[in-house]
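**Student:** Sequence first, then the predicted structure:
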There are 2 protein chains.
Amino acid sequence: MMYMQMLANTSERHKALSLPEIHAITKIEGELLKGARRYFEGNGFWEVVVPHITRATGACENIATMFDVDFFGDRAFLVQTGQLYLESLIPFMERLYCVGSSFRSEPDVDERHLTEFTLVEMELPCDLDGLIGHIENIICSMIKPVTDNRMAELKTLNVPKDHINMLRKLRPPFNRITYMEAVNLLKNQGVKWGDDLKSRHEKRLMESLGNKPLFITHFPKAIKFFNMRENTGNPSIVNSTDCILPYSGEAVGAAEREHEHDKLYKRLSESAMLRQLEQRGGSIADFGWYLDTLKDGRMIPHAGCGIGLNRVTQFAIASGDIRMSTTFPQNRESLM
Amino acid sequence: MMYMQMLANTSERHKALSLPEIHAITKIEGELLKGARRYFEGNGFWEVVVPHITRATGACENIATMFDVDFFGDRAFLVQTGQLYLESLIPFMERLYCVGSSFRSEPDVDERHLTEFTLVEMELPCDLDGLIGHIENIICSMIKPVTDNRMAELKTLNVPKDHINMLRKLRPPFNRITYMEAVNLLKNQGVKWGDDLKSRHEKRLMESLGNKPLFITHFPKAIKFFNMRENTGNPSIVNSTDCILPYSGEAVGAAEREHEHDKLYKRLSESAMLRQLEQRGGSIADFGWYLDTLKDGRMIPHAGCGIGLNRVTQFAIASGDIRMSTTFPQNRESLM
C-alpha cells in the first residue's frame, strides 16, 4: 500500500502530513495518553515534571546510547528515564508519574528504532505483583478510549476486525511466565540461562501463548538495571518484568527497586553501566545525589515501570513498524 | 523564611525534596496541567507529540540561546517551541496542542531564568481576538482546579488570602492595551516606540492597571518572531500579544501566523534570526520543510501561543521566584 511506504519514510515526514493515516495515528496516540492520565488521576498518582538534561542518573541501562549535551562547558546527557527523579520523591508523595521524551542515540533507521519516543513512567510503594496489576490496568485504560472513540481511525488504518475485537476484550490478568520458563520454552532456539531475550524470542513466546500481552518475570540480575531488587529466595534473579505486546514486542520494563543504600551502592559499583560511564569520563559521583536519597534508611520499598507509548500504539493499530506509531517519528534521517 | 532559601537554592535540589513546600508546588503544578488539558479536551484540540531534537525550526526568536546536540555528526538543537510542527498540521487537523519541555541555554542563575521549562502550546484557525479569548479561558481553566482542590497547599506556601480571592474571582476578559498605549504610559521611563518592553516595564503597566493579568497587543514587527502576521492597516506592527501575569511577568507569547509562502519567505530572509543562524553555520534551508508546508496556498489563516507553565505557577502561588515554581527547577547549577 502506498500510504504504508509514505508512513515508513521518515526522511521527509512533512510531505506525509496531509495523509489521513497520519491524522488517525495522531488521534489514537492522543487517546492512549488520555487513557493513561485518566488512570493516574483516578488512582492517586501525582504528576511530576522531571529534568530532560541530566547527569548519568537519567540513563536507562546503556550509557553508550545517551546523547551528549554541552551544558555550559560541562558534559550532560539527554534523559532516557525519569525513574530516579520520581523515586527521590517516593517517601514523601508515594504514587508518582511522568510522561515525556526519552532519547536514544541509536543510528538505526528501521521499524524498531527511534531516537526519541514518549515514555509513560510510574513509581509507587508496592511489590512486583502489585505493579503488574497496575500495568495491566493502565494498558487496558489506554486502549479503552481508542476502541470507544476511534473506530473510524482504526478503519482508516485498516486494522483487522479480529484485532479490534481482541482490543475490546482485553482484560487483566495478562499471560505470565518466568524468565526460567521462557528459557525452557526457547531451548531449541539455542537460548540458555543468562542470555537476554531477543525480540524474535519474545515474539515466539507470545505467539506460543495465544498471541496476547505477556509478562516475562524474574530476569537474571546480571543483565538488568543496577537498582532492580534482588529476589529474596534467589539472589541471582531480580523482581522484574518485561511486558511483551503483539506487533511491538517489549513495551514495558518494570521492577521492584532496591531501597537499601549499602546494597545499592555495591550493585552500582559492580555494574557494567558504571564501567561504561567511566569510559565516557564520568564516575560514581554522578549518582551521588541519588545515593543520598537512600541514606539512613530514608527510602521505602517501592517499584515502578516505563511504558513505551509508541509500542502501545503499535499494539493498538496492529503495526509492526514503529515509524507508523507517531506523528513525527524521530530517527537519524528524520531531523526537521 | 528558611524554606524560601532552600527552595531558591537549586544547586542541591535533592536535599530539599522532603520539604512539604516542594510537594505543595508539585501538586499545584499538576493541577495546572490538568486544567490546561481539560480545556483542550473540552474544546476539540488534538494533542500532538512534537520533536525535541530539531533543526532551527525549533527556535523561538533567539538562535543564540539554543543548546547544541551532536546528532550523529550533524548539528542539531534542543527544541524551544513546537509551534512550527503544530502549524504544519493546521490545514488537516485544525485545533492542536502540545505540552513539553522547552530549552534555553541561559547561564543566569536567578529568580527569572530556567534552562528547561514546560511550555503549553496551541495552534488553531482563528484571529488575534479569538486567540485572546482562548488564552483567557485556558488560564482560568488552569487556575480553577488549584483553588478548587489545593487550598491546603496554597496555605502551606503562605499564599496571601487576598491573592487567593483574586484567583477565585479570575474571569475573562483580562485587561488589554496596545503596545502603542504601553509606550505612552511608559514615556517617563524613557521607553520609546520600537523598544522591547523589559520586565520592570511590564510590571509597572500591570500595577498601574489594577495588578491583574494584562494583554499587551500589536508589537512592532521588527522586534518579534518572523512569522507573526502583519497588521493589514499598519504593516509596521504585527497581530501579536504578550500576556503579563502578576508575580511572573510575561507568561504567554501569542500571535496570528503568516500563512502566505512568499511573504513569509521574505520576512524570514530579512530576519535577525536568520543572521544568527548563519553565524552558527545554518541557512534558510533549515526552514525548507516548514516553508514547503505553505507552498501553493496550502496553509490557512491561523494563530497560536505558548504558555509558560512555570510562570502560571508563579502567579498561582504568588511567587516572584521561578525556582519556586517547579519540583526540579533547571539552571546552570542544578544539573542532576
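**Tutor:** That came in fine, so what should we check first? Predicted model, so just to flag it, every value in this text is computed and none were measured.

**Student:** Any buried residues in stretch A:77-97, and which?
**Tutor:** For stretch A:77-97, a neighbour-count test (16 or more other Cβ atoms under 10 Å in any protein chain shown) marks A:77-97 as buried. In this view, the C-beta of every residue, glycine as well, is placed from N, C-alpha and C.

**Student:** And stretch A:178-187, by the same measure?
**Tutor:** Residues of stretch A:178-187 classed as buried: A:179-180, A:182-183, A:185-186 (neighbour count, 16+ other Cβ under 10 Å).

**Student:** Can you flag which of these belong to helices?
**Tutor:** By the criterion of DSSP state H, membership of these in helices covers A:179-180, A:182-183, A:185.

**Student:** now, which of the buried residues of stretch A:77-97 lie close to chain B?
**Tutor:** When contact is defined as Cβ under 8 Å from any Cβ of the partner chain, those meet chain B at A:78, A:85, A:88-89, A:91-93.

**Student:** So which of those belong to strands?
**Tutor:** A:L78 (DSSP state E).

**Student:** Export the ones next to chain B among the buried residues of stretch A:77-97 as a markdown table, with columns for pLDDT and distance to A:S102.
**Tutor:** As requested, those are exported to a markdown table (pLDDT from 0 to 100; distance: Cβ to Cβ, whole Å):
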| residue | pLDDT | distance to A:S102 |
| --- | --- | --- |
| A:L78 | 98 | 9 |
| A:Y85 | 98 | 13 |
| A:S88 | 98 | 18 |
| A:L89 | 98 | 19 |
| A:P91 | 98 | 25 |
| A:F92 | 98 | 25 |
| A:M93 | 98 | 22 |
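
**Student:** still on that earlier bit, would you mind putting the ones in helices among the buried residues of stretch A:178-187 into a markdown table with pLDDT and distance to A:G249 alongside?
**Tutor:** Formatted as a markdown table, these follow (pLDDT from 0 to 100; distance: Cβ to Cβ, whole Å):
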| residue | pLDDT | distance to A:G249 |
| --- | --- | --- |
| A:Y179 | 98 | 16 |
| A:M180 | 98 | 20 |
| A:A182 | 97 | 14 |
| A:V183 | 97 | 18 |
| A:L185 | 96 | 16 |
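
**Student:** List of residues touching stretch A:266-273?
**Tutor:** In this structure, residues lying in contact with stretch A:266-273 by Cβ atoms under 8 Å, 6 or more residues apart in numbering or on different chains are A:56, A:59, A:61-63, A:225-227, A:258, A:274, A:284, A:287, A:291.

**Student:** I'd like the buried residues of stretch A:178-187 written out as a markdown table, with distance to chain B added.
**Tutor:** Listed next are these as a markdown table, based on distance: Cβ to the nearest Cβ, whole Å:
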| residue | distance to chain B |
| --- | --- |
| A:Y179 | 32 |
| A:M180 | 37 |
| A:A182 | 32 |
| A:V183 | 36 |
| A:L185 | 36 |
| A:L186 | 34 |
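
**Student:** Throw these into CSV and include distance to A:I25, thanks.
**Tutor:** Formatted as CSV, those follow (distance: Cβ to Cβ, whole Å):
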residue, distance to A:I25
A:Y179, 33
A:M180, 38
A:A182, 32
A:V183, 36
A:L185, 34
A:L186, 33
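
**Student:** give me the element the closest residue to chain B within the stretch 201-336 of chain A is part of.
**Tutor:** Closest approach of the stretch 201-336 of chain A to chain B (Cβ to the nearest Cβ) occurs at A:W289, with a separation of 4.3 Å. Using DSSP states H and E, A:W289 sits within helix A:288-292.

**Student:** Does anything pack onto the helix or strand containing A:S102? Which helices or strands?
**Tutor:** Under the criterion of DSSP H and E, A:S102 resides in strand A:96-103. When contacts are defined as 3 or more Cβ pairs under 8 Å, 6 or more residues apart in numbering or on different chains; DSSP states H and E, strand A:96-103 sits against helix A:20-42, strand A:46-47, helix A:83-87, strand A:116-124, strand B:96-103.

**Student:** the inter-axis angle of that strand versus helix A:20-42?
**Tutor:** Calculated by axes from the mean of the first three to the mean of the last three Cα atoms, to 10 degrees, strand A:96-103 forms an angle of 150 degrees with helix A:20-42.

**Student:** Measure how buried A:N165 is and give me the count.
**Tutor:** By the criterion of other Cβ atoms under 10 Å in any protein chain shown, A:N165 has 11 neighbours.

**Student:** Against chain B, how distant is it?
**Tutor:** The gap separating A:N165 from chain B is 26 Å, by Cβ to the nearest Cβ, to the nearest Å.

**Student:** And for A:I143?
**Tutor:** A:I143 is 17 Å from chain B, where distance means Cβ to the nearest Cβ.

**Student:** where along the stretch 51-200 of chain A do the helices fall?
**Tutor:** Secondary structure of the stretch 51-200 of chain A (DSSP state H, counting those that start in this stretch): helices located at A:83-87, A:90-93, A:128-149, A:151-156, A:161-169, A:179-185, A:199-208.

**Student:** Show me which residues of the fourth one are buried.
**Tutor:** Neighbour-count burial for helix A:151-156 flags A:153-154, A:156 (criterion: 16+ other Cβ under 10 Å).

**Student:** Let me know the closest of those to chain B.
**Tutor:** Closest to chain B, out of all of the buried residues of helix A:151-156 and judged by Cβ to the nearest Cβ, is A:E153, at 11.2 Å.

**Student:** Not counting sequence-adjacent ones, nearest residue to the closest one?
**Tutor:** Sequence neighbours aside, A:A24 is the residue nearest to A:E153 in space, at 3.6 Å (criterion: Cβ to Cβ, 6 or more residues apart in numbering or on different chains).

**Student:** ok, now A:T26?
**Tutor:** A:T327 (4.7 Å).

**Student:** who wins for proximity to A:I237 among the helices and strands packed on strand A:96-103?
**Tutor:** helix A:83-87 (20.1 Å; Cβ to Cβ).

**Student:** Which strands or helices does the closest one pack on?
**Tutor:** strand A:96-103, strand A:116-124, strand A:302-308.

**Student:** Which parts of the helix or strand of chain A with the lowest mean pLDDT count as buried, going by neighbours?
**Tutor:** Within chain A, no helix or strand scores below helix A:2-8, which has a mean of 77 by mean pLDDT, DSSP states H and E. Neighbour-count burial for helix A:2-8, with 16+ other Cβ under 10 Å as criterion, is recorded at A:3, A:6-8.

**Student:** between the residues you listed, which is closest to B:N331?
**Tutor:** Ranked by distance to B:N331 (Cβ to Cβ), the buried residues of helix A:2-8 are led by A:L7 at 39.7 Å.

**Student:** Next to chain B, which bits of the stretch 201-336 of chain A? Give me the list.
**Tutor:** Residues of the stretch 201-336 of chain A found near chain B (Cβ under 8 Å from any Cβ) are A:289-290, A:292-293, A:309, A:326-328, A:330, A:332, A:334-336.
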